[in-house]
Every structure is written in C-alpha cells, then in structure tokens.
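S.K.: A structural model of the following input is requested.
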Amino acid sequence: MKALVTGGGGFLGQAIVKLLQARGAQVRSFSRNEHPALTALGVEHYRGELGDADAVAHAAEGCDTVFHVAAKAGVWGPYAEFYRANVLGTRHVIAACRRHGIGRLVHTSSPSVVFDGHDMEGVDESVPYPQHFEAFYPQTKAEAEQLVLQANDGQLATVALRPHLIWGPGDNHLVPRILERGARGSLRRLGRRECLVDTIYIDNAALAHLQAADHLAVGSPVSGKAYFLAQGEPLPLWGVVNRILEAGGLPPVTRTVSPELAYRIGAILEKTYLLLRLRGEPPMTRFVARELSTSHWFDLGAARRDFGYQAVVSFDAGIERLREWLASRNPC
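M.R.: Residues are numbered from 1 along each chain as shown. Model (predicted):
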C-alpha cells in the first residue's frame, strides 16, 4: 500500500500513520503545518490547504489509498471556514482520487452527522440525517460524508467511518478541554439523568480505519457505506468525564445546572459573540448543551460484521494509559 493520510500530523492521523508504517506501507501526509513528529518517523510530508485543489491532487499522486482524516473541527467559528475545509476539501480529495486512478478512499466522519438533539440509544446506520443542525461542524461533515458515499462507483470504493469522541494519550482536543475546565472549576453537570455515552480509544479508532481499508474494494460489502465506531462500552457521561479528571489528578464534577438553562445560556452566548464579534469560543453553545444532556451509544454490528471491528483496548485499560501519559508530562 502507498497511502496518503490527510491530517497526518493530527491526533488520529498520526495514529493511522504509525499503524501503516508498522505494516511496511509507504505513507505520505498532507496538512497545513510542519509536524516534527512526522519528520522523525520518516514520513513524506506535503504542506497545503484542503481548499487548494491543486495541492491536494499533488499530494495524492502515486498513491493507491487515501485516508481522509483532516477536517475543521469544533463547535464555533465562521461557516465559510467549516465549508472550505470539510465540504470543499472533501470534493478536492475525491477529485484527486479520480484524477490519479486511486481505488480506495477511507473518510473519517462523525456520529454528529445524524445527531438531531435527542437521545441516540443503540441506533444503527439506518438513522437518517436530521433536517436541522445547531453547529456548522456536523452540518458540513454531514455534507462531506454524503459526497464520499455518493462517489462510490466502479472505479472508486469509498467508506465513511464515524468514531465517537476519540481520546487517549496525545489527545489535543477532548482530554485537554476537560482537564482545563476542570482545573478552573467551570465544569457543570447538565441535569441528574444518567445519560450513557460510548467513546473510542485512539488505538481502536486508528485500527478500525486500517481494517476498513483492508476490506474496501469495488463492489465489496464495505463500499459505499457509513459505520459507527466506539468502544462497545456505553458508560454514564459524567462518569467518563470524572474518570478523565481523575486521570489528570483533578476532583470530580459535583455542581449541576439544568439542561434547559444550559441551552438558553448557550443561545444567548452565541448571539452575544456574534453581535459583539468576540474572539474565542462561547463557554456554552446550544449544540454542546444538547450533546451533554443526551445519550449517545450505537449498534456496532455492521462494523463487526463487515470488517471485523473489535475494540482491542478497553476503556479501563485506556484510562490507565492516559493516566501514565499525563503523569509523564507533569512529573511534579
């Protein structure tokens, strides 16, 4: 395999790069910035923007598989930025595959593309896209996922993977946000209802991408489909948050606010940030309020059946690895 990994310098991207290298694959990365860690691994690295069609095509030349991991994530920001990276960028990746006769495209999507603000309990991939989104990230990722699945044909086999809340050592998004807010004492539990969530440890998410690629071919059961990915261990949301806080040496969340109040506060803060053109991200948004007050766990039967997905690192084992990694970064 000679693979291009868009976003190869990111959290999930690097994990995929390392697994590919361990197999002996030739690996190329494409991202906006330099990444010394990739240089140390001996990875061929191309710099550019997903919104630049020529740069994407240049990076893909000579490859036979593309792992399209790069995206603009987050719950706040201008629509144009999300659209350029997530929708236009995905169009450019598909076009590059066509241009160079690349036969396999593995796309990293998100369960948020089908989140309608209500509980998702044991749902499978038949759940439809919602009519309304409360953040630009899921809206543009849903459009990107549909582009990828529609591109599946007799020359290009595509698959979209939906890993839920990736975490673990090296995480630069979920874990740091929880620890930073926990250290400031600004975390609040939303309601008293025990909402279950199923996250995914980084090693499991990366391995699933390679397993899907292994089974991906024109006309295969995997091609043209989307798949949920998670641990297969639904746990109480605030129990998960508290385990991460504990791994970082911080106390658990004890204070509570009602989900309805959090949603109203989120709506007010969003309008305030827009009207006053404030920098940064509102401390609460409507999307986050819905996410933190609903259940999110999935039927993983399709991924298990079609490409043999199974979590190889349990939640408890992952927490211990996270604890050790955090301790190594803060030995005092």
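
S.K.: for the stretch 101-250 of the chain, what spans make up the strands?
M.R.: Using DSSP state E, counting those that start in this stretch, the strands of the stretch 101-250 of the chain run over residues 104-108, 120-123, 157-163, 166-167, 189-190, 196-197, 200-201, 225-229, 235-236.

S.K.: So which residues make contact with the first one?
M.R.: So that's strand 104-108. 12, 64-69, 71, 90, 93-94, 97, 144-145, 148, 151, 156-161, 163, 209, 212-213, 216-217 (CB atoms under 8 Å, 6 or more residues apart in numbering). Every C-beta, even on glycine, is put in place using the N, C-alpha and C of the backbone.

S.K.: same question for it, mean pLDDT?
M.R.: Mean pLDDT, strand 104-108: 98.

S.K.: what angle sits between it and strand 225-229?
M.R.: Taking axes from the mean of the first three to the mean of the last three CA atoms, to 10 degrees, one finds strand 104-108 and strand 225-229 inclined to each other by 40 degrees.

S.K.: List the strands paired with strand 104-108, with their directions.
M.R.: strand 65-68 (parallel), strand 157-163 (parallel) (DSSP bridges).

S.K.: ok so, going back, out of the strands of the stretch 101-250 of the chain, flag the one nearest Asp54.
M.R.: Among the strands of the stretch 101-250 of the chain, strand 104-108 comes nearest to Asp54, with 18.7 Å by CB to CB.

S.K.: how about the strands of the stretch 101-250 of the chain in TSV, adding distance to Ala267?
M.R.: Converted to TSV, the strands of the stretch 101-250 of the chain look like this (distance: least, CB to CB, whole Å):
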stretch	distance to Ala267
strand 104-108	30
strand 120-123	22
strand 157-163	27
strand 166-167	28
strand 189-190	15
strand 196-197	23
strand 200-201	30
strand 225-229	29
strand 235-236	26
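
S.K.: Outside of stretch 111-122 itself, list whatever touches it.
M.R.: With contact meaning CB under 8 Å, 6+ apart, stretch 111-122 is reached by 123, 127-132, 134-135, 137-138, 141-142, 145, 162, 164, 195-196, 228, 290-291, 294-299.

S.K.: Weed out the non-buried ones from those residues.
M.R.: Neighbour counting with 16 or more other CB atoms under 10 Å marks 123, 127, 130, 134-135, 137-138, 141-142, 145, 162, 164, 195-196, 228, 290-291, 294-299 as buried within these.

S.K.: Which helix in the protein has the most residues?
M.R.: Ranked by residue count and defined by DSSP state H, the top helix of the chain is helix 259-276.

S.K.: what packs against that helix?
M.R.: Under the contact definition 3 or more CB pairs under 8 Å, 6 or more residues apart in numbering; DSSP states H and E, helix 259-276 sits against helix 286-291.

S.K.: Gly89 - nearest residue in space that isn't next to it in sequence?
M.R.: Distances taken as CB to CB, 6 or more residues apart in numbering place Leu50 nearest to Gly89, at 2.7 Å, with adjacent residues excluded.

S.K.: my bad, Thr254
M.R.: Residue nearest to Thr254 in three dimensions, not counting chain neighbours: Arg189, with 7.7 Å by CB to CB, 6+ apart.

S.K.: Identify the bridge partners of the one you found.
M.R.: Beta-bridge partners of Arg189, as defined by DSSP bridges: Thr256.

S.K.: wait, what's in contact with it?
M.R.: Residues near Arg189 by CB under 8 Å, 6+ apart: Trp238, Val253, Thr254, Arg255, Thr256, Val257.

S.K.: Pull out the buried residues from the lowest-mean-pLDDT helix or strand in the chain.
M.R.: Lowest by mean pLDDT, DSSP states H and E among the helices and strands of the chain is helix 36-41, with a mean of 87. For helix 36-41, a neighbour-count test (16+ other CB under 10 Å) marks Leu38, Leu41 as buried.

S.K.: any idea which helix or strand comes after it?
M.R.: strand 44-47 (DSSP states H and E).

S.K.: what's the next secondary structure element after that following strand?
M.R.: Downstream of strand 44-47, the first helix or strand assigned by DSSP H and E is helix 53-60.

S.K.: Please point out which parts of that following helix sit buried.
M.R.: Applying a neighbour-count criterion of 16+ other CB under 10 Å, one finds Ala53, Ala55, Val56, Ala57, Ala59, Ala60 buried in helix 53-60.

S.K.: Asn172: which of these is nearest?
M.R.: Of the buried residues of helix 53-60, the one sitting nearest to Asn172 (CB to CB) turns out to be Ala59, at 22.3 Å.
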